[in-house]
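In: Pasting the sequence and the predicted coordinates here, then a few questions.
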Amino acid sequence: MKTTTSLKFILSSFLFIQFTWVQAQEMMDFTNASLFVSKKESAELGHVIQVFQEEVEKRSGKMIQQSKKLDMTLPQIVLIMEKGVEELPESLANPLNDLENINPEGYRIVMLPLEQKVIIQAKTKRGALYGVGKLLRKMKMGPDEVLIPENLTMASSPQYEIRGHQLGYRPKTNSYDAWSVAQFDQYIRDLAIFGANSIEIMPPRTDDDFTSKHMQLPAIDMIREQSRICDKYDLDVWMWYPNLGKDYRHPDSLKREIEERHEVFSSVPRLDHLFIPGGDPGDLEPDVLFEWMEQVADILHEHHPNAKIWISPQVFRPTKEWFDIFFAQVNKKPKWLGGVVFGPWVKLPIDEIRERLDREIPIRRYPDITHSLSSQYPIPRWDLAWAITLGRECINPRPSDEKMIHNALDQYANGSISYSEGTNDDLNKFIWSDQDWDPEIPEIETLRDYARYFIDSDQAEELAQGFVALEENLRGPLLTNTKVTTTLQQWQDIDQKSNPEVKKNFRFQMGLIRAYYDAYVQKRLVFEKWLEQSALEKLGNYQELGADQAIQQCKSTLASAIKEPIAPGLKAKSESLADELFQSIGAQLTVEKHGAMDGRGNFIDNMDSPLNDIAWIYSQLSKAETASKEEEKVAIIRGILERTNPGPGGFYDNFGDPASWKRVVFRYDVAKDPGSLRTPRVSFGVGLKDVEWVHVVKATGFDSDAAPMAWMHQVNTLYDLPLEIHYDQLDPESTYTIRVAYTGRFRSKMKMTSDGLLVHDFIQTGIQPVYEFPIPAEATRDGKVTFSWTCGEGQRGSQVSEIWIIRN
């Protein structure tokens, strides 16, 4: 017994000298470790070894040299597959065998402190890459320092077989078009380290320009490089390929389409799957679509014999007939079919698609993780100030939302490849990859890995919480969000402690710019709302001052927002960080300076957009100024001051305001419907005649007039889902009139009923903003009423901005 104790003491002392155990952080020091890979597997794992060595050296300055043999006296990282396990002594092999089984893309990691070993074991090269990736994510690395958690032991296999992201090289993206081959290589590697096994590329011709001033290579050459890079890391290559031809039955049109596909398919060394959307863009009837797919399959298999084609029921204006034909065709299970894709602008919920599909046909999700409004998964009930400034395609870390969206519907699909338009959604990609690997992973764990591995291991916790705070900035009314200032202070503290390399890191810059930008927008909102109230108070003194003087005082007060701008330091810092992001990652956050496409990530251009009703008030005051009579001027002034007044005994609601949502009827669990296919949502945009799509939320109104801010956001249901709004506490003895504002980007034909009684038949919205209709007296006799709006088949949805219930 004494001998054993002495030996343990000697061994412990030896290990303390040779192998430092950092007890305070429960980390083990592998700074001077070597990497052992079985000779039988070294060639096959060459790229995995390269990834590990290069990524460690970047962060620590230490090259982990490869060792030709196991050395039980020195610290080593051991990377093995099936054959390599046979070479391990029992003391190393047994702990591996004690762990649960893994699938072909899974891995086992065992930390053995006494043996001074970390072992990564996988069945395939792909699994080995993911095991190395997990180790890299958990390591704490800095100058001359490589530490590994001493409790890092696990067996892990991905739950879903498809895990990837779209990286389109086209001008529409907010950064990808500026990238070099080396940048794509690094980014694809980054995604693989977090478990991605698929990358989706695009052909040179999409619903976009062919080229941009940022592009370093022609698109046909870059997609060849993207495919080659993926093959190097053994990742599946997908290609999103919309049908943009004008006629897919005319021989001349078909000839051009066929020639193009031969050129594109032959240009890429690897192509495993082709994804063809039914629409968005493209607009083919299902019979024509499936006829064309047969021809595409023949072309595809000439160049990539084993590739499969996936197809989506995406269509902007769907009908029952369209879906009936689509599912009848897809359930024939043509030989070329890989599966069906559920993405943006698919009317049917994914569970209904699963029910209509043959059980053997898999579903892949195509989640929009890049857009914050007018999208598949918008930020719920987003404040109008954010919609105006941050807009549709801002830097949008949404870790909590993305986990919720993923897990609400993941059981119906075989995984996902996200829809992305650039680096603005960078963090969201890694949340999705982790959730596709294991939906039980807490988002904070992914955030800590993201911060530790990509930005600064010394501030991993601070950064992780900083990204959580940025998401919290976007929740609820901005005017009363007390967290925005605190978030900025937290990021400023992180910035102060960061070294120059961290400050140049684009992922750090993206978090920091949002903290400054958010604080600037909130200060502007508070100031401009105060100015608006002050201006209206002065306008309300028209009886004492006279109309002309009241008008001038009102305009002068509102103009203070322009003449006396606030928080110039926050604005300047945001603009400076935008320049730094353009330099570090090609992020295009302005149109003029950075060459962005308008509405595509250029949120810096919107940071001074008005956040009060100055545009509408000015437009009305201009009419008053040109009026020839005092009573005409007064009438316009009163129209401004009393615009929302429903009169005695009446009701008014602005459905962009959260306070009015108590009236909106929900008949399905919102938590199970993140895409709002069964529940109402907030939408944005005024919706002008002959304008199909608006990327930027502005006060542009009808007939060249400015719109009040209330018209810029609405309650909205998608497609033919009824929109229901309930009122109670009405006077059963009275009759009422409803005044309703129909604004919004869809401009659908809508019908309105009250408790089932017709208020108006289908009318085309988008022509005028406001309508008035008598409410059937029978509908209000019990003191309550539920209004319902529906739109016709093939329409995109019902939208209501404002309601006045006027007591007659």
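Out: Everything's here; your move.

In: Mind listing residues that contact stretch 214-230?
Out: 167, 169-171, 177-181, 184-185, 188, 199, 201-204, 210-211, 236-237, 239, 263-264, 267-271, 586, 588, 595 (Cβ atoms under 8 Å, 6 or more residues apart in numbering). Heads up, the C-betas are built off the backbone N, CA and C, glycines and all.

In: mind redoing it with 6 Å?
Out: With contact meaning Cβ atoms under 6 Å, 6 or more residues apart in numbering, stretch 214-230 is reached by 169, 177-178, 180-181, 184-185, 188, 199, 201, 204, 237, 267-270.

In: Ok, stretch 31-40 next?
Out: 45, 64-67, 70, 75-80, 83-84, 87, 145-146.

In: and if we set it to 7 Å?
Out: 45, 49, 52, 62, 64-67, 70, 74-80, 83-84, 87, 144-146 (Cβ atoms under 7 Å, 6 or more residues apart in numbering).

In: Name the nearest of the contacts of stretch 214-230 relative to residue 410.
Out: residue 199 (20.3 Å; Cβ to Cβ).

In: How many residues are close by the closest one?
Out: 25 (other Cβ atoms under 10 Å).

In: before we move on, the earlier item: the contacts of stretch 214-230, buried ones only, as a PyMOL selection?
Out: Remark: buried members of the contacts of stretch 214-230, expressed as a PyMOL selection using 16 or more other Cβ atoms under 10 Å:
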select buried, resi 169+177+178+181+184+185+188+199+201+204+237+267+268+270
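
In: hang on, residue 224 is in a strand, isn't it?
Out: No. Using DSSP: H, G, I helix; E, B strand; the rest coil, the assignment for residue 224 is helix, not a strand.

In: and it, how far is that from residue 513?
Out: 34 Å (Cβ to Cβ, to the nearest Å).

In: More neighbours: these two, which one.
Out: Counted by other Cβ under 10 Å, residue 224 and residue 513 do not tie: residue 513 has more neighbours, with 25 against 19.

In: how about the helices in the stretch 701-808 of the chain?
Out: Counting by DSSP state H, counting those that start in this stretch, no segments of the stretch 701-808 of the chain form helices.

In: List the contacts of residue 136.
Out: By Cβ under 7 Å, 6+ apart, the neighbours of residue 136 are 52, 55, 193, 453.

In: shouldn't the third one be in contact with residue 133?
Out: What that stands for is residue 193. Yes. The pair residue 193 / residue 133 is scored as a contact, 3.5 Å apart, by Cβ atoms under 7 Å.

In: What sits closest to residue 335 if chain neighbours are left out?
Out: Distances taken as Cβ to Cβ, 6 or more residues apart in numbering place residue 297 nearest to residue 335, at 7.6 Å, with adjacent residues excluded.

In: Let me fix that, I meant to ask about residue 710.
Out: residue 654 (4.7 Å).

In: Show me the helices in the stretch 1-150 of the chain, by range?
Out: 2-18, 46-60, 82-85, 90-97, 125-138.

In: which other residues reach the shortest one?
Out: Around helix 82-85, the neighbours that count as contacts under Cβ under 7 Å, 6+ apart are 38, 40, 41, 93, 96, 121, 123.

In: wait, isn't residue 312 in contact with residue 277?
Out: Yes. Using Cβ under 7 Å, residue 312 is in contact with residue 277, at 4.9 Å.

In: which residues do the two both contact?
Out: With Cβ under 7 Å, 6+ apart, residue 312 and residue 277 have no common neighbours.

In: Which residues are in contact with residue 603?
Out: 389, 390, 391, 394, 589.

In: can you tell me which of the residues you listed are in strands?
Out: Residues from the contacts of residue 603 lying in strands, with DSSP state E as the criterion: none.

In: Closest one to residue 643 out of those residues, please.
Out: For the contacts of residue 603, the nearest to residue 643 is residue 389 (23.9 Å; Cβ to Cβ).

In: surely the closest one meets residue 606?
Out: Yes. Contact criterion Cβ under 7 Å: residue 389 and residue 606 qualify, at 4.8 Å.

In: who has more neighbours, these two?
Out: Comparing residue 389 with residue 606 by neighbour count (other Cβ under 10 Å), the higher total belongs to residue 389, at 25 against 20.

In: Tell me how far the more buried one lies from residue 412.
Out: 35 Å.

In: again, but for residue 807
Out: 48 Å.

In: For stretch 697-706, buried residues please.
Out: 697, 698, 699, 700, 701, 702, 706.

In: and what of stretch 363-383?
Out: Applying 16+ other Cβ under 10 Å to stretch 363-383 flags 363-379, 381-383 as buried.

In: Restricted to strands, list these.
Out: Per DSSP E, these map to strands at 363, 364, 365.

In: Residue 27: which of the residues you listed is nearest?
Out: Taking those together and measuring to residue 27 by Cβ to Cβ, the closest member is residue 365, at 37.2 Å.
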